[in-house]
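Colleague: Here you go, sequence then predicted model.
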Amino acid sequence: MPGATITLACQDYEHTRALVEGAVPVEGFELKVMTISPPSQIFLRMLNKEEFDASEMSLSNYMIALGHGDRRFVAIPVFPSRVFRHSYIWVNTSAGIREPKDLIGKRVGIADYSMTALLFVRGMLKHEYNVFPEDIHWFRRRSEHVPIKAPPNLRIDNIEKGQTLDGLLEEGKLDAVAVTSPPRSFKSGSPLVRRLFRDAKQAESEYYRRTKIFPIMHLVGLRRPIYEQDPSLAVRLTQGFEAAKQLAFESYEEGLSTLPWVNLDLEYARKILGEDVYPYGVKNNLPTLEAATRYSREQGLTGRRFDVSELFAKETLNLFAKD
């Protein structure tokens, strides 16, 4: 279907902007892009209404849906959001938490249990520090985006209407939070809250050196009928995202960013991660993707462990593979 219009929804990222603005074309297709924030709204609109031909999707939610037999979508190995998670755990300074093992028996606030950020937090705590999900009492602030059946020995409660994770952490009613943005007390410089990992950048760098895991939060999913009508879309869209990403990193090298020291940060990242600090493709990301499938099974989110190849369009499995 040459020239077909394809709708794509994603958050506005510097590394996707050239695709969004049309500077990078998708050969054979006309791309109509909607930038939506927060990305959780994209996930819900795609999962509930299949509102777009392609969209950013939660990796964890995608695997859970597949585990329920939901095959409405097929993914391509493009990862718009990936974030190390050591730096996103904060503790109340009065809770007696000095190191990860001190989280055992503690009350930890989260947005929801099934989100990918928590998939990797729980996996990291278990495999690096021997702290298991059932060792923690989890407090959730919202409902799950996809139905889950929690393991019977897991403790999850919902916070009450009108309560916030930030407020409960400040009051000491939560001992810690594992969330995707800093608590207000931390941003204001309050002595009540600090990061669990005091030198989070070093902890994350060492974690990558040991494991080669750079946590993937989101991938891009296509509606299966659109993909099956012309499977070449999977390859061409993946290549378009890669070209847009390369343009963004060329600008970082030139210092063309609103953030100071971005060129120095890029140099540091390349020392740790290699030349391509934000790789796309299946084979380039196997340690991370295999960890995600393992954690999802271990944590009871999926009934079996997926082979990574099951997650992605078969035409994309060897894209960007290094010899």
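Modeller: Looks like it arrived, so ask away. Residues are numbered from 1 along each chain as shown.
Colleague: For L165, see how far away A248 is.
Modeller: Noted for A248: a distance of 32 Å to L165, by C-beta to C-beta, to the nearest Å. Bear in mind the C-beta positions are built from the backbone N, C-alpha and C, glycine included.
Colleague: and if you look at I148?
Modeller: Separation of I148 from L165 (C-beta to C-beta): 19 Å.
Colleague: thinking again about what came up before, which one's more surrounded, A248 and L165?
Modeller: L165 (22 against 17; other C-beta atoms under 10 Å).
Colleague: and the closest residue to the more buried one other than its chain neighbours, what are its bridge partners?
Modeller: Take L165 and drop its neighbours on the chain: the residue closest to it by C-beta to C-beta, 6 or more residues apart in numbering is G109, 3.9 Å away. As for beta bridges, G109 partners with F139, V177 under DSSP bridges.
Colleague: what's near enough to touch G109?
Modeller: By C-beta atoms under 8 Å, 6 or more residues apart in numbering, the contact list for G109 reads 138-141, 159, 165, 168-169, 174, 176-179.
Colleague: Just the closest of those to E128, please.
Modeller: A178 (14.4 Å; C-beta to C-beta).
Colleague: how far away is the closest one from P260?
Modeller: For A178 relative to P260 (C-beta to C-beta), the value is 29 Å.
Colleague: Compare those two (neighbour count), which wins?
Modeller: A178 (24 against 9).
Colleague: Next, report how far stretch 205-214 is displaced from the centre of its chain.
Modeller: 16 Å (C-alpha atoms, centre = their mean, to the nearest Å).
Colleague: So for that stretch, what gets flagged as buried?
Modeller: 205, 207-208, 213-214 (16 or more other C-beta atoms under 10 Å).
Colleague: can those go into JSON lines with extra columns for secondary structure and pLDDT?
Modeller: As requested, the buried residues of stretch 205-214 are exported to JSON lines (DSSP: H, G, I helix; E, B strand; the rest coil; pLDDT from 0 to 100):
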{"residue": "S205", "secondary structure": "helix", "pLDDT": "98"}
{"residue": "Y207", "secondary structure": "helix", "pLDDT": "98"}
{"residue": "Y208", "secondary structure": "helix", "pLDDT": "98"}
{"residue": "I213", "secondary structure": "coil", "pLDDT": "98"}
{"residue": "F214", "secondary structure": "coil", "pLDDT": "98"}
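Colleague: Quick check: the farthest pair among the residues you listed?
Modeller: S205 and I213 (12.1 Å).
Colleague: Endpoints of stretch 302-317, how far apart?
Modeller: Stretch 302-317 has its terminal residues 22 Å apart, counting by C-alpha to C-alpha, to the nearest Å.
Colleague: go on, stretch 43-63?
Modeller: 13 Å.
Colleague: what is the mean pLDDT for it?
Modeller: What stretch 43-63 shows for mean pLDDT is 96.
Colleague: got it, and stretch 105-119?
Modeller: 97.
Colleague: May I have the longest helix seen in the chain exported as CSV, CA atoms only?
Modeller: Ranked by residue count under DSSP state H, the longest helix found in the chain is helix 232-253. Below are the C-alpha coordinates for helix 232-253, written out as CSV (Å, rounded to 0.1, in the frame of the first residue of the first chain):
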residue,chain,number,x,y,z
SER,A,232,7.7,-3.8,5.1
LEU,A,233,6.2,-1.1,7.4
ALA,A,234,7.9,-2.7,10.4
VAL,A,235,11.4,-2.4,8.8
ARG,A,236,10.9,1.0,7.3
LEU,A,237,9.5,2.5,10.4
THR,A,238,12.3,1.0,12.5
GLN,A,239,14.8,2.5,10.1
GLY,A,240,13.1,5.8,10.3
PHE,A,241,13.4,5.9,14.0
GLU,A,242,17.1,5.0,13.8
ALA,A,243,17.8,7.8,11.3
ALA,A,244,16.0,10.3,13.5
LYS,A,245,18.0,9.1,16.6
GLN,A,246,21.3,9.5,14.7
LEU,A,247,20.4,13.1,13.8
ALA,A,248,19.7,13.9,17.5
PHE,A,249,23.0,12.5,18.6
GLU,A,250,24.9,14.4,15.9
SER,A,251,23.4,17.6,17.5
TYR,A,252,24.5,16.5,21.0
GLU,A,253,28.1,16.1,19.7
